[in-house]
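> dropping the sequence and predicted coords here.
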Amino acid sequence: AGEQLYLHALITDGIGQDTNGQSAGAATKAAPVDNATMYDEMAVTAFIYPATHSWPTAYTGGSPSAQRYMSAVKVKKSEAWSTTYHWPGASKRISFFAAAPYGSGGLTAFNDGTPGTLPYLSYTVPANVADQKDLLVAASTDRPGNSNAAEPLTMKHALTAVRFVTGDDMLAGKVSKITLKNVYGTGRLPMQAAPAWYSLSGARNFELTLSPEATAPDPQVPNTPLTTAAATFMMLPQTLPSGAQIEVKYTDKLTNTQRTLTANIAGKTWPMGKTVVYRISTSSISVTSTLEVTGPEEYLYKGGRKTYTVKSYASVSGGGSTTNVPIAWEAEFSEDGEVNWSANSPAWLTDFSKEGSGNTVLTPFINYLGNSITDPYIYNDPDCRPYGCKLIWQGEKDLMTDVALSADQAYSEFSVNRTTIHQGNAVVAVYNSHN
């Protein structure tokens, strides 16, 4: 046998460097890994076969010659990636296959192939995003059995990283939950130089609850991250099946209403070793502003005071909910046929509110003195002293008689004769002087 077998793990660029943008719109987990953060352990499998043969036909050919030499052996960084194995000698070739991290949840690092089928690793994506590791694989095939040197294993990212950022038109608010719905969660990766996932199955949902909630800023800042590196979905590369969706739980800042945003992603591709960045948009949420102004009836030449009403609100619809919220407004004035405008009201316009929010009645009810009515009882309003009470009009003769003010000046009094009582109307006025 040859010298002791040493391996050396290097990571190629991919997840964390390359991105593939698609619009949809706690470092406790393995965020995307690079050479500086390479895992401490990896599983290595190796096959040996005659030097005249090559991989993969040495395993899958009509007369297979490959023998398993190492089977998911744990190799450690702390031990300089050394093994207890030796190079097999000049008469042999050897092919190496590695996966990291060793013992990763959902990973079976070695599965025997069947006649005509390569051995493979199998993987089921953990349900919890925090448990989804950046799975790395390497293949070094047909190496001379007498190489007698450290064998470099170029690790490649085997999964697809899925991240989320704000889009160009995302309203300010909070994102509390992101769900990848009906995507494949189980697959196999063959042991060969340029592997591709196959036998994809187990379509299901993968949920990420954000705590604290992610913020879509105000004003908008496109490409603001909604998921941190440690909250990156690490998913199987795939062409997404029918029914695949992204669902986002979002609470808009304007109405503080939670809404459900969805995007169909069926038929899209998640490439191996790449990062797919989804830019979340709220274009499906419509904000309709309403300003309704109800003016008074025309004034007589004497002028006067009348009610002027403003309704100002925004209707926010989308994501399964519609909510109205008051919107602030301000008044401007023009006295020259709308040529010039000013925030200052004309001197002749009194008791006019120049700003408000929501529904506002601009002029209160007033009494005969032009003052606001502050109490339902006339005698409690400032400077209002009843002097007398008179019948002004009645719709039927003798409908009421003896109209007068009570002795304490607090009530009007009148009589209805039982011989003349019937339906009708009358107007009674309270005076502040004899006339």
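Yep, it's here.
> every contact and neighbour count from this point should use C-alpha atoms.
Noted.
> how about the strands in the stretch 51-200 of the chain?
Here the stretch 51-200 of the chain has its strands, by DSSP state E, counting those that start in this stretch, at 67-76, 82-86, 92-100, 107-111, 120-124, 136-144, 151-157, 160-166, 173-183, 186-190, 198-201.
> so the residue nearest to Phe164 when sequence neighbours are not counted, which of the three states?
Take Phe164 and drop its neighbours on the chain: the residue closest to it by Cα to Cα, 6 or more residues apart in numbering is Tyr278, 4.9 Å away. Under DSSP: H, G, I helix; E, B strand; the rest coil, the three-state class of Tyr278 is strand.
> pretty sure Tyr278 contacts Val165?
Yes - under the criterion of Cα atoms under 8 Å, Tyr278 makes contact with Val165 at 6.3 Å.
> other residues contacting stretch 405-419?
Residues outside stretch 405-419 that contact it (Cα atoms under 8 Å, 6 or more residues apart in numbering): 379, 386-389, 398-404, 430.
> in strands, which of the residues you listed fall?
Within the contacts of stretch 405-419, residues falling in strands by DSSP state E are Gly388, Cys389, Thr401, Asp402, Val403, Ala404, Val430.
> check contacts around the first one.
The contact partners of Gly388, taken as Cα under 8 Å, 6+ apart, are Ala404, Leu405, Gln409, Val430, Tyr431, Asn432, Ser433, His434.
> using a markdown table, lay out those together with distance to Val33 and pLDDT.
Shown next, in a markdown table, are the contacts of Gly388 (distance: Cα to Cα, whole Å; pLDDT from 0 to 100):
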| residue | distance to Val33 | pLDDT |
| --- | --- | --- |
| Ala404 | 95 | 89 |
| Leu405 | 93 | 88 |
| Gln409 | 90 | 84 |
| Val430 | 88 | 85 |
| Tyr431 | 90 | 84 |
| Asn432 | 90 | 81 |
| Ser433 | 93 | 73 |
| His434 | 96 | 60 |
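> in the stretch 251-400 of the chain, where is pLDDT below threshold?
The stretch 251-400 of the chain contains residues with pLDDT under 70 at 284-286, 298-306, 348-352, 357-366, 370, 372-375.
> how about a cut-off of 80?
Confidence mapping of the stretch 251-400 of the chain against pLDDT under 80 gives the ranges 283-310, 313-327, 337, 346-383, 395.
> tell me where it has strands.
Under DSSP E, counting those that start in this stretch, the stretch 251-400 of the chain gives strands at 258-264, 269-270, 275-280, 286-294, 309-318, 321-326, 328-330, 355-361, 388-394.
> what's the local residue count around Asp252?
19 (other Cα atoms under 10 Å).
> my read: it touches Ala172, true?
Yes - assessed by Cα under 8 Å, Asp252 is found in contact with Ala172 at 6.1 Å.
> quick revisit: who's the residue nearest to Phe164 bridged to?
Beta bridges link Tyr278 to Gln22, Phe164, judged by DSSP bridges.
> distance check, it against Thr227.
10 Å (Cα to Cα, to the nearest Å).
> quickly list what's touching both of those two.
Counting by Cα under 8 Å, 6+ apart, the residues touching both Tyr278 and Thr227 are Arg163, Phe164, Val165.
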